[in-house]
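Asker: Provided below are the primary sequence and the corresponding predicted coordinates.
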Amino acid sequence: MPSFKVFDIAGAGLSAQSVRLNTVASNLANADSVSGDPKTVYRARHPVFQAVRAAVAGSLARTQPAASVRVSGIVESNAPPTVRNDPGNPLADAQGNVYAPNVNVIEEMTDMISASRAYQNDVEVMNTAKELMLATLKLGQ
């Protein structure tokens, strides 16, 4: 594997974790929103990661990274919304209910910390690879 592939792999990880952080931010921003219809209430979103492996032989092995990750899509949660009886709310339905999203703030904060640390680790991999390459170049001096 060429030494510059590490930047492609870490960059793919950075991109994936960035999407993860953005979906967490969206979920947290909509955690307190309500709707009068359970079909239109906000649903928590989560990215789906897919491992990408390069071809073992042939010319593809020279042009693709050895391994990588990508976001294959973003899925919405199937959990039912929380029903609250709030007849004074202007969004309430005929029974006086409003529907809150199925966002668990504690789980989202945990996911945010995990994604942030994974992002930091990818940055550290890039920095270490850069330092090692610079040290290798200095060997010839």
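Answerer: Arrived safely.
Asker: leaving out sequence neighbours, find the closest residue to Ala12.
Answerer: Ser68 (4.3 Å; C-beta to C-beta, 6 or more residues apart in numbering). Every residue, glycine included, has its C-beta placed from N, CA and C.
Asker: which SS class is that neighbour?
Answerer: Three-state assignment for Ser68 (DSSP: H, G, I helix; E, B strand; the rest coil): strand.
Asker: residues contacting it?
Answerer: Ser68 is in contact with Asp8, Ile9, Ala12, Ala51, Val52, Ala54, counting by C-beta atoms under 8 Å, 6 or more residues apart in numbering.
Asker: what do you get for Arg70?
Answerer: Ala12, Ser15, Ala16, Phe49, Gln50, Val52.
Asker: out of the residues you listed, who has the most neighbours?
Answerer: Within the contacts of Arg70, most neighbours by other C-beta atoms under 10 Å means Ala16, with 21 neighbours.
Asker: packing partners for the top helix by length along the chain?
Answerer: When the chain is parsed with DSSP state H, its longest helix is helix 105-138. Using 3 or more C-beta pairs under 8 Å, 6 or more residues apart in numbering; DSSP states H and E as the contact test, the elements touching helix 105-138 are helix 5-29.
Asker: the helix it packs on to helix 105-138, inter-axis angle?
Answerer: 160 degrees (axes from the mean of the first three to the mean of the last three C-alpha atoms, to 10 degrees).
Asker: burial measure for Ser18, as a count.
Answerer: 15.
Asker: excluding chain neighbours, give the residue nearest to it in space.
Answerer: Tyr119 (7.0 Å).
Asker: do Ser77 as well
Answerer: Ala44 (4.2 Å).
Asker: to what extent is the one you found buried, counted in neighbours?
Answerer: Neighbours around Ala44, by other C-beta under 10 Å: 22.
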